[in-house]
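1. Here's a sequence, model it:
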Amino acid sequence: MIRKSILSLAIRLRDCRFMSVRKSALFMNGTKATENFVYVIPYIDFSNEIKRKDLIQEQLIKRKLNIDLTKVESLWSIYQELKQRKSEFEKKKEEISKELGKIIKNDPENVITEKLKIQLNLLKDNIRKLKEPLWSAEEAAILEILKLPNSLHSRTPHCESKVLYTHLLPPTEQKDHLIIGRDLGLIEFIKNENYYLKGTAAIFELGAKFYFNNILRNNNFQQFSNPDFVKSLVLEGCGIDHTNANSSFILHHNEDSKVNVDSRLHLTGGGSLCSFFAYYTKNVLHAKSLPLKYFTMGRQYIPSASEENSLFHVSQSSVVEIFCATKNEKDLDTLLDDLIEILKSTYSELGYHFRLSLMPADKLHTWESLRLIFEMYSTSLQTYVEIGNISVIGDYVSKRLMFTYVENKESHFPHILSGTIFNVPKFLGCVLEQDNDFSLPKEFALEKWKL
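-> You can find the predicted model right below:
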């Protein structure tokens, strides 16, 4: 009966459509865990999460994600059944071992001894045979659970973006920033992966970063230095497909070496969420150190998704990136509101038209709970271009990468807010297309530069 029940569960597992082979750098078990060093074990509490099944299903529909929650739940159920069965076997094995030990000690020739030894061997055999199906069930369930998106923030619009604030009016003259940049000797543009800012444009780039540097420091942000490269597990932990060459620049091994697709380096640049989490993965903080308010000025590398050559589609950008962590959701919302006011004032002082919008659920990344974007109007594209953003993440990534803080001798997961609050090439492109002739903003002038 024991073996038949295990076989039944194994057949259910095999028949599940989600059992296609999938690689993961974040979660490894069974033989994979013995062959590879396991850096981090994600925190999974699906039994509690599935109690909100109706809400999760509703949010999947809002995000327009093709995830069958019923099948994910079925995989988890199979895994829990096998786990419970193994636990029962081990408990019974322990009971029989204790009983056998007592009998052998008191009466070695007792006729019950052989019977207990047979039962013990059968239990050991069943536990051994259960190991592979349990590993398979665990891997199948958890890898699909890791695909589930973050919970939506209460402020996230359902269908369309929501404009929260508009400053001044958009430009009306039809201009192309690449033509203007070339004519003024500001830009040498070869392709999206290869371009140069020259003369006043180079000063513009540095001046813009110093401008944001000063404002953030005055609002109690601390500057942080990040690595340009991160491991695959950090990328996947941040909710990004580490095997997709369109998501990140992947450093491949030499042709003669064996490639492990789950253990590679990715060029993200220091101005990215992944680079911050390269430091905070498996990091434990004391509660008194929160909130964290960090920023960095550096490069950001993202493969270009467009064939059109433009500063709006370049694959490397100078950016200002922020990373904030708080104890809970309430503190994070307060920090978000404060940051919105700071950045509204920061952008307004530059004297250009911009607007502040909330993105709808179907435009969010899976790791985002809410995204607020700063946009400027491009007359060449006849549409708005995102020049900065703030993403509310909550504890979604903290749980995946085991970033915790300790309070009252208990571990908790910090709530995260991050974003590229200023993207230099996109901002420069929009500024070149303004109605007035291009000039260096006074806020970016050399005399304003200071650390």
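
2. Next, residue 166: secondary structure please.
-> With DSSP: H, G, I helix; E, B strand; the rest coil as the basis, residue 166 sits in strand.

3. need the contact list for it.
-> 353, 354, 355, 356 (Cβ atoms under 8 Å, 6 or more residues apart in numbering). Quick note: C-beta positions are derived from backbone N, CA and C, even for glycine.

4. which of those residues has the most neighbours?
-> Neighbour counts for these (other Cβ atoms under 10 Å) peak at residue 354, which has 23 neighbours.

5. Next up, the contacts around it.
-> Neighbours of residue 354 in contact, by Cβ under 8 Å, 6+ apart: 166, 167, 168, 347, 374, 375, 376, 387.

6. same check, this time on residue 230
-> 265, 266, 268, 272, 274, 275, 277, 278.

7. which secondary structure element contains it?
-> strand 229-231 (DSSP states H and E).

8. And residue 98, by the same measure?
-> helix 69-106.

9. Tell me the helices and strands packed up against that helix.
-> helix 2-15, helix 46-49, helix 53-63, helix 112-145 (3 or more Cβ pairs under 8 Å, 6 or more residues apart in numbering; DSSP states H and E).

10. list the buried ones in it?
-> Residues 69, 72-79, 81-82, 85-86, 89, 93, 96, 100, 103 are the ones in helix 69-106 that count as buried (16 or more other Cβ atoms under 10 Å).

11. repeat for stretch 121-132
-> 123, 126, 127, 130.

12. Next one: the first one from residue 138, what distance?
-> Using Cβ to Cβ, to the nearest Å, residue 123 is found at 21 Å from residue 138.

13. gap between the host helix or strand of residue 295 and the chain center?
-> Element membership of residue 295 [criterion: DSSP H and E] is strand 292-301. Put simply, strand 292-301 sits 15 Å off its chain's centre (Cα atoms, centre = their mean, to the nearest Å).

14. Okay, now the sheet partners of the helix or strand that that strand is followed by, with direction.
-> Moving toward the C-terminus from strand 292-301, the next helix or strand (DSSP H and E) is strand 316-326. Applying DSSP bridges, strand 316-326 is found paired with strand 292-301 (antiparallel), strand 415-423 (antiparallel).

15. Now render the ones you listed as JSON lines, adding mean pLDDT, mean neighbour count and distance to residue 134.
-> As requested, those are arranged in JSON lines below (pLDDT from 0 to 100; neighbours: other Cβ atoms under 10 Å; distance: least, Cβ to Cβ, whole Å):
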{"stretch": "strand 292-301", "mean pLDDT": "96", "mean neighbour count": "20", "distance to residue 134": "39"}
{"stretch": "strand 415-423", "mean pLDDT": "98", "mean neighbour count": "25", "distance to residue 134": "33"}
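
16. Turn the ones you listed into a markdown table, columns for distance to residue 328.
-> Converted to a markdown table, these look like this (distance: least, Cβ to Cβ, whole Å):
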| stretch | distance to residue 328 |
| --- | --- |
| strand 292-301 | 14 |
| strand 415-423 | 6 |
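
17. With residue 367 as the reference, name the closest of the ones you listed.
-> Nearest to residue 367 among the strands paired with strand 316-326 is strand 415-423 (9.5 Å), distances taken as Cβ to Cβ.

18. after the closest one, next one along is what?
-> helix 424-432.

19. The helices and strands packed on helix 69-106: which one's closest to residue 156?
-> That would be helix 53-63 among the helices and strands packed on helix 69-106, by Cβ to Cβ, at 8.2 Å.

20. buried stuff in that closest one?
-> Applying 16+ other Cβ under 10 Å to helix 53-63 flags 56, 59, 60, 62, 63 as buried.

21. Also stretch 325-341?
-> Neighbour-count burial for stretch 325-341 [16+ other Cβ under 10 Å]: 325, 326, 327, 331, 332, 333, 335, 336, 339, 340.

22. Can you name the residues bridging to the second one?
-> On DSSP bridges, the residues paired with residue 326 through beta bridges are residue 415.

23. Report pLDDT for it.
-> On the pLDDT scale, residue 326 is placed at 98.

24. same deal with the fifth one?
-> Taken from the predicted model, the pLDDT recorded for residue 332 is 98.

25. so who does it touch?
-> With Cβ under 8 Å, 6+ apart, residue 332 has these contacts: 324, 326, 392, 394, 415, 416, 417.

26. hmm, which two among these are most spread apart?
-> Spatially, the most separated pair among the contacts of residue 332 is 324 and 394, at 11.8 Å (Cβ to Cβ).
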